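[1] sequence and predicted structure, then a few things I'm wondering about:
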Amino acid sequence: MSTKSVSSKLSNILKRKEDPKHKIPDLPAVEDTPLVGIRDKAEEVYTSIKNGNGSIRWVALICGAALVADSFVEFCIALFQNADIMQATLDAYAFVLGTFAIAMESDQEAIPYSRRVRKFLGKNLGMVRNVTGRGVFYGIAGSLEMMSDGWRSKSIGGCLIIVGILYIYLGRLAAIKVKSIRNKEYPEVVIKSKFKKYTRNNDDCLSFDDFHSLLNDLMVDINVREAELIYVSLDKSLDRGLSFEEFKTFWEKSEELPPV
C-alpha cells in the first residue's frame, strides 16, 4: 500500500470523527449510573443502622416473612414429595412461628387478624411481651428452621438467630438508657400535657412514633432503635399503644427497670 493511500485513509477517518453525524456519544458519567444510586442508598442504610436509627423490628418482620414462605415450601416438599411426616411437622411449627413474628412486628391493621394474634400471644405466650423473651423466641424459631435441609432454610434460620441475639443485647443497652431517662425531672402536669400533644388517635394511647417524638420533646437523647426496644418492653398487651398511666409509671423514678 502506498504512502499516498494511507494518508488519504487517515484523512477520511479524521473527517468522519469531526462530522457530527459520526460523533461517538459520550459515555455516562460515573455519578449518573444506577450503580452509584444503589451504592449511595446502601451507604445511607449503613449510616442509619450505625447511628442507631435502623429498625430491628423491620429486620425481624422480613425474617418472619421469609420463614413463612420457606417453611410452607419445605412443608409441601416433605409431605407430598418425600412423605416425611416428621420434617413436615417441624416445617408446620416453623410456619406458625413465622406467622407469629409477622403479627408481632407488623403494623396493627396491616395484616388480617393480626390484632387477634397479638392478643393471643400476649395472653398465652408471655415471653414475647419483653425484649429478652422476644429474642429467645427468635432464637427458637431460627434453630427450628435450621433443621431443614438446604442453604436457603439454614440462611433464614441463621438470620433469625442473629435477630434474637440483637434483641437481647440491644435490649440490655436500652435498659441502661432508661436509668438516665428517669433522672430527668418534670412535673406531672407537664408530662400529661406533652402526652396529650402526641396522642393523635382517639384512644389516648401513644403509637411508637408518638412515643419517640414525646421522648425527644422531653429532651431525652435516644435514637430510634433504643426507643423501639423500650416501647416493646412497655407494650405488654401487644396492642401498639401506651396509656398515660403506663408512660407515667415508666417515666417516674423507680428502682425497677421495665423488664427487657
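    Noted; the coordinates are in hand.
[2] quick one, phi/psi of Leu242?
    Its backbone dihedrals place Leu242 at phi -110, psi 130, with angles given as degrees, to the nearest 10.
[3] residue contacts, it?
    For Leu242, the residues meeting the contact criterion (Cβ atoms under 8 Å, 6 or more residues apart in numbering) are 205-206, 211, 231, 234-235, 250. No exception for glycine: its C-beta is placed from N, CA and C like everyone else's.
[4] at 6 Å instead, please
    Residues touching Leu242, when contacts are defined by Cβ atoms under 6 Å, 6 or more residues apart in numbering, comprise 205-206, 234.
[5] show me what it is bridged to.
    With beta bridges defined as DSSP bridges, Leu242 has these partners: Leu206.
[6] gap between it and Asp91?
    Here Leu242 is placed at a distance of 37 Å from Asp91 (Cβ to Cβ, to the nearest Å).
[7] and what of Arg225?
    Using Cβ to Cβ, we find Arg225 at a distance of 32 Å from Asp91.
[8] after the strand or helix carrying Leu173, which helix or strand is next?
    Assigned by DSSP states H and E, Leu173 belongs to helix 151-181. Next in sequence after helix 151-181, counting helices and strands by DSSP H and E, comes helix 188-198.
[9] which other helices and strands does that next one contact?
    Packed against helix 188-198, as judged by 3 or more Cβ pairs under 6 Å, 6 or more residues apart in numbering; DSSP states H and E, are the following elements: helix 208-217.
[10] could you give the angle of the helix it packs on to helix 151-181?
    For helix 208-217 against helix 151-181, the angle by axes from the mean of the first three to the mean of the last three Cα atoms, to 10 degrees is 40 degrees.
[11] in helix 208-217, what counts as buried?
    208, 210-215 (16 or more other Cβ atoms under 10 Å).
[12] returning to what we had before: tell me the mean pLDDT for the helix holding Leu173?
    In this model, helix 151-181 has a mean pLDDT of 85.
[13] what's it packed up against?
    helix 56-76, helix 131-145, helix 224-234.
[14] now do the last one and helix 131-145, the angle between them.
    Taking the same axes, to 10 degrees, one finds helix 224-234 and helix 131-145 inclined to each other by 100 degrees.
[15] what's downstream of helix 224-234, the next helix or strand?
    In N-to-C order, the element after helix 224-234 by DSSP H and E is helix 244-251.
[16] so for that next one, what gets flagged as buried?
    If you call a residue buried by 16+ other Cβ under 10 Å, then helix 244-251 has these buried ones: 244, 246-247, 250-251.
[17] ok, now stretch 120-130?
    Applying a neighbour-count criterion of 16+ other Cβ under 10 Å, the buried positions in stretch 120-130 are 121-122, 128-130.
[18] out of the residues you listed, which comes closest to Thr199?
    When the buried residues of stretch 120-130 are compared for distance to Thr199, the smallest value, 21.3 Å, is given by Gly122; criterion: Cβ to Cβ.
[19] just the element for the closest one, please.
    Gly122 is located in helix 114-124, with elements delineated by DSSP H and E.
[20] next up, the contacts around Lys194.
    Per Cβ under 6 Å, 6+ apart, neighbours of Lys194: 214, 217.
[21] what about the closest residue to Lys177 other than its chain neighbours, distance to Arg134?
    Spatial nearest neighbour of Lys177, chain neighbours left out: Glu226 (5.2 Å); criterion: Cβ to Cβ, 6 or more residues apart in numbering. As for Glu226, its distance to Arg134 is 15 Å (criterion: Cβ to Cβ).
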